[in-house]
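Novice: Please find the sequence and the predicted model below.
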Amino acid sequence: MVLNISHPFEIAKIHKNTMELLLINHPLDCPVCDQGGMCELQDLAMNHSDLKSRYTQERE
C-alpha cells in the first residue's frame, strides 16, 4: 500500500486511527502479561495516553 501524505496532521491522524484499531482487540491484562513491560504496543499506547477510543461496545 502506498500513501501520499503531504501534511503532518494527516500522518498523526492515520497513526491515531491505527493505534485505536490495534487496541480494540488487544487483551487488557497488561499488569499480568507474560511480556512484563516489554511490549511495543503497550509502549506506543503509553506514549499516546490521550488516545480515546470511539468504540464503546463492551467485550464479552
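Specialist: That came through fine.
Novice: Just give me the residue right at the centre of this structure.
Specialist: Centroid-nearest residue in the chain: residue 19, 2.5 Å away (criterion: C-alpha atoms, centre = their mean).
Novice: what about dumping the CA coordinates of the helix or strand hosting that residue to CSV?
Specialist: Taking DSSP states H and E as the definition, one finds residue 19 inside helix 8-24. Output in CSV follows, covering the C-alpha atoms of helix 8-24 (Å, rounded to 0.1, in the frame of the first residue of the first chain):
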residue,chain,number,x,y,z
PRO,A,8,1.9,16.2,9.3
PHE,A,9,-1.7,16.4,10.6
GLU,A,10,-2.6,13.6,8.2
ILE,A,11,0.2,11.4,9.5
ALA,A,12,-0.9,12.0,13.1
LYS,A,13,-4.5,11.2,12.3
ILE,A,14,-3.5,7.9,10.5
HIS,A,15,-1.3,7.0,13.4
LYS,A,16,-4.0,7.6,15.9
ASN,A,17,-6.6,5.6,13.9
THR,A,18,-4.1,2.7,13.5
MET,A,19,-3.4,2.6,17.3
GLU,A,20,-7.1,2.7,18.0
LEU,A,21,-7.7,-0.3,15.7
LEU,A,22,-4.8,-2.2,17.2
LEU,A,23,-6.0,-1.7,20.8
ILE,A,24,-9.6,-2.7,20.1
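Novice: what's the angle between the helix or strand that comes right after it and helix 8-24?
Specialist: Proceeding N to C from helix 8-24, the next assigned helix or strand is helix 40-47, under DSSP H and E. On the basis of axes from the mean of the first three to the mean of the last three C-alpha atoms, to 10 degrees, helix 40-47 is oriented at 120 degrees to helix 8-24.
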